[in-house]
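# this one's structure only:
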C-alpha cells in the first residue's frame, strides 16, 4: 500500500496483472479421483494448466510380475474399481486368447451379464457424482441406492461387493446361483424406473443444464488424436464401441444401440452414460433370456482349470493338476498378445508378454481413462474455473485405472 | 488385423523392417529404431492404413537380450478397423542409451504415453516437449518397471514416524479392541507410563468380556 | 514440527485434581464431540466406493452424528483416510493432518490405509500410521459398511472414555473366540429380497 501522505499521481498506481497460479490439490472436494491441477488463471479464465496424476500409482504392473497369472485378477479388479467385472472379463479374455481357448456358452452369457451390471454400476456412480458436484444431492443418493442393489447381486454371485476377483482364465470362479436370473430381472427393472426419475429431476433443471451445456467441449479430431475411447469419444460424435466394432463373447448376437453425442460437451457425456445404461439393461434382458440354465461354466482343460476338491483329495491326477496350477501357475505359451474389450471408460487393452512360465513377464494394462485425463488440459483450457469440476467429473477419471 | 498392412510397410520401407509376425492374429512389425518416426508418419498419413489413433505405447524389458528394451506401440484405425503393432529394440545391457524418436507431433496421446514409458522404463524420447515423470514423483530415482529395480525398494518422501512397533499394526491381544458391537467399559485397565498419551499404554489386567 | 502425538481432551491444568464438576463436564464434552464428528474424507482409491455406500441411505453414517463432510481440514475433526496412501501422497496427508485443529481423530478405512494392503512395493506406504497417528483401523478390502459403522462406534466409545490407544475393528464373528462357527458361508439364502422389490 502506498503511504497516504505522499504525493502520488493517479497514473502511477497500477494493478498487478500477472496470472494467478491456483492449485487444485490432490486432496480436493470433487468426487472423482485424486489428481492435481495446477492452473494459471487470468481472472476466472484458465490460461494454462498442468494436470498431474500419479497420486494413486500402486505399481500394478510390477506386482503382476511377481505372482502367477491367476494372481493378476485381484490387481486388475482394483484398476477400474467401479466396474471390476469388466476388468476381470477383459483380462480373462486376454489369457484365453493367448491359450487359444474359448469358454463354454453359459460362461460367455454369464460374463456378459456381470459385465453389463458392472457397467451400469460405473455409469451410475459417475453420473451420480457429477450431479452431486453440481449441488444436486438427491440423484446421487438414488443412484447409489441402485448401485447397492447391483452390488447385492454381485455379492450373491461372487462373494464380494466391490472387488470380486471372480474371473478366471478359462471360466469363472463359480457357476451362477439359482436365483440369479430373477434377481437380475427385478433389479434391472427397478433401476430403469429410477433412471426415469433422475431424468425428470435433472433434465428440466435450468441450473443443471446451464452448468453442463457447452462446457468442456473438445473436437472429435482432438479426441481421436488423444486416443480417447468409450463414452467420452462417443459424446464427441464418433460411434466407436468395441462391442460393435470387434465383437467378443456374444455381443455380436444381441441387439443394442450405441448412443452417440453431438456437441461433445459435458452434458453430452452425461447423457451418453444414461443412454448406455438403458442399452446395458437391454443387453442384460436378452442375455438373461438366452443364458442356458445348465452346463459347464469353466472350460474343460486341465492345464488351466483347478479340478474339483473331491478329485484333488482322492485322485493323484487331481492332486498333481492342482499342485501345478497353484504352485507354478497356469502356463501361457511364450509370446505376446493384445486383447481389448469395452470397459466402463473405453477400450481396455491388455498387452501380455509371456515367457512360457507361470509368472507373467509383462502385463501392460492399456488404461482408457489415462488418455482421457491427458485430454483434460485441452478440455479446461479457456474455460472458467468453475467449469473444471463438471468437466472433470464428466470425463470419469478413475484413479486406480489412470495411475495403476 | 490384416496382412496387407505388413505388406504395405515392407514395400515402402524395406530396409526398416527387421521382423514381422502375426501371432494370434496380431500383426506385428519390428522396426529399426532410426526409422521409427518415419514409418509412423507414413502409417498415419497413408490413406490405405489411416492409423488415426495411437492406442498404446509401452516398453518391455528383456534383461538377457541385447538390445534390452523393446518399445511397443499399438495403432488403430477408426475408419478401417485394423490394428498394427510396431516394435523397436533399443538400449544396451546396462540400460543406457535407451532412446527413440518421439511421436508427439503426430498423435496427442503420445505425450502422456511416452512420459509414462520414460517414467517406468527410462526410455528417452528425443524431441518430446516435456519429458518428465508422470506417475511417480520427481524425487524418485530409477525406473521401477525395469527388471533390475527391486520391487520393494521404497524411496519415501517423508521420514517415517519414530514410534515403537511401527513395523506392524499395534499388537492387540484377544481381549483388546471390540469383540462385538458397542464396546463396553469392561476392557483392560490401562496405565500411563509417562503421563502423556503418545507412548503405548500398558495393560494391567485383561478384560473379562 | 515436533513429534506428532495425539492429545487427550482435558480441561485440567497439569497438577489439578479432577473433581465431580470437571469429570461431568468432560464427559458432557466428550458426548458432544462424539456425536458431532465433522469428517474430512481423504478419499484416494477403491475404498472410496464403499465410503460412498456407507454415506448412502442404506448404511447411513449420518445417523451416528457424522453428517457433515468438511473438505477443509481446518473445519473438521475426524480424518477418514480412505484408500491406499502412496509415497507421493504421503506429504499431502501429513500436511492435511497438521492443518487440523485439536482435538482430532484419524480413522484408517481399509486395509491399504491400515497396513498397506497387498501393495508391498516401491510405491505405497505400508499403512498411514507410519506418517500420522491413527485411532481406529477398519480392515477389509474394502471393508463392509457394517464394519465401517462398527469402527465409527468404536471411535465414539473411545472419545467418550478419553482413550487414545488405537483400536482395530474385529469381525462380528471372531474366528479366534468362536472356533466352531461355520465361517465359510459363501452364499446367503435367497430369503432376503432387495427392499421394495417383489421376486
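Structure received. All values reported here derive from a predicted model rather than from experimental measurement.

# Tell me if I'm right that residue A:106 and residue A:287 touch.
No: Residue A:106 is beyond contact range of residue A:287, at 10.9 Å (criterion: Cβ atoms under 8 Å). Any C-beta I mention is one placed from the backbone N, CA and C, and that applies to glycine too.

# Settle it for me: which of the two has more neighbours?
Neighbours per residue (other Cβ atoms under 10 Å in any protein chain shown) separate residue A:106 from residue A:287, with residue A:287 holding more: 25 against 20.

# Check the secondary structure at that one for me.
helix (DSSP: H, G, I helix; E, B strand; the rest coil).

# neighbours around the nearest residue to residue C:112 once chain neighbours are set aside, how many?
Sequence neighbours aside, residue C:84 is the residue nearest to residue C:112 in space, at 3.8 Å (criterion: Cβ to Cβ, 6 or more residues apart in numbering or on different chains). Using other Cβ under 10 Å, residue C:84 has 29 neighbouring residues.

# Kindly report the same for the one 4 residues further on.
Other residues near residue C:88 come to 28 when the count uses other Cβ under 10 Å.

# and it, what pLDDT?
What the model reports for residue C:88 is a pLDDT of 90.

# where's it, which helix or strand?
Assigned by DSSP states H and E, residue C:88 belongs to neither a helix nor a strand.

# can you check the one 5 residues further on too?
The secondary structure element spanning residue C:93 is helix C:90-99 (assigned by DSSP H and E).

# Give me the contact list for that helix.
A:25-27, A:55, B:156-158, C:1, C:4, C:40, C:42, C:73-74, C:79, C:81, C:85, C:104, C:106, C:125, C:128, C:131-132 (Cβ atoms under 8 Å, 6 or more residues apart in numbering or on different chains).

# Generate a PyMOL selection restricted to the buried entries among the residues you listed.
Buried members of the contacts of helix C:90-99, defined by 16 or more other Cβ atoms under 10 Å in any protein chain shown, are picked up in PyMOL with:
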select buried, (chain A and resi 25+26+27+55) or (chain B and resi 157) or (chain C and resi 40+42+73+79+81+85+104+106+125+128+131+132)
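
# Strands - which of the contacts of helix C:90-99 land there?
C:40, C:42, C:79, C:81, C:106 (DSSP state E).

# Switch those residues over to TSV; also include pLDDT and distance to chain B.
Shown next, in TSV, are the ones in strands among the contacts of helix C:90-99 (pLDDT from 0 to 100; distance: Cβ to the nearest Cβ, whole Å):
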residue	pLDDT	distance to chain B
C:40	91	19
C:42	90	16
C:79	93	15
C:81	93	14
C:106	93	12
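
# From these, pick the one nearest chain A.
Comparing these against chain A with Cβ to the nearest Cβ picks out residue C:42 as the nearest, at 5.8 Å.

# The stretch 151-300 of chain A: strands as residue ranges?
Using DSSP state E, counting those that start in this stretch, the strands found in the stretch 151-300 of chain A span residues A:167-168, A:171-172.

# Residues of the stretch 101-250 of chain A that sit close to chain B?
Within the stretch 101-250 of chain A, the residues that sit near chain B (Cβ under 8 Å from any Cβ of the partner chain) are A:222, A:224, A:225, A:226, A:227, A:238, A:240, A:245, A:246.

# secondary structure element for the nearest residue to the first one once chain neighbours are set aside?
Meaning residue A:222. Sequence neighbours aside, residue A:378 is the residue nearest to residue A:222 in space, at 6.0 Å (criterion: Cβ to Cβ, 6+ apart). Using DSSP H and E, residue A:378 sits in helix A:376-380.

# What lies in contact with that helix?
A:37, A:39, A:46, A:49-51, A:216-218, A:222, A:226, A:387-388, A:391-392, A:395, A:397, B:108.

# With stretch B:132-143 instead?
So stretch B:132-143 is in contact with A:52-54, A:57, A:403-404, B:95, B:112, B:115-116, B:118-122, B:144, B:149, B:153, B:155, B:157, C:87-88, C:123, going by Cβ under 8 Å, 6+ apart.

# Next, the contact list for the spatially closest residue to residue A:331 that is not a sequence neighbour, please.
Among residues not flanking residue A:331 along the chain, residue A:358 sits closest, at 5.3 Å (Cβ to Cβ, 6+ apart). Contact analysis of residue A:358 by Cβ under 8 Å, 6+ apart lists A:68, A:69, A:328, A:329, A:330, A:331.

# Name the nearest of those relative to chain C.
residue A:68 (14.1 Å).

# so what's the backbone phi/psi at that closest one?
Backbone torsions for residue A:68, taken as degrees, to the nearest 10, come to phi -110, psi 180.

# What number of residues are in the vicinity of it?
18.

# what residues does the stretch 301-404 of chain A put near chain B?
So the stretch 301-404 of chain A meets chain B at A:335-338, A:347, A:349, A:351, A:353, A:361-362, A:364, A:366, A:370-371, A:374-375, A:378, A:403-404 (Cβ under 8 Å from any Cβ).

# Report the buried members of the residues of the stretch 101-250 of chain A next to chain B.
A:222, A:224, A:225, A:226, A:227, A:238, A:240, A:246.
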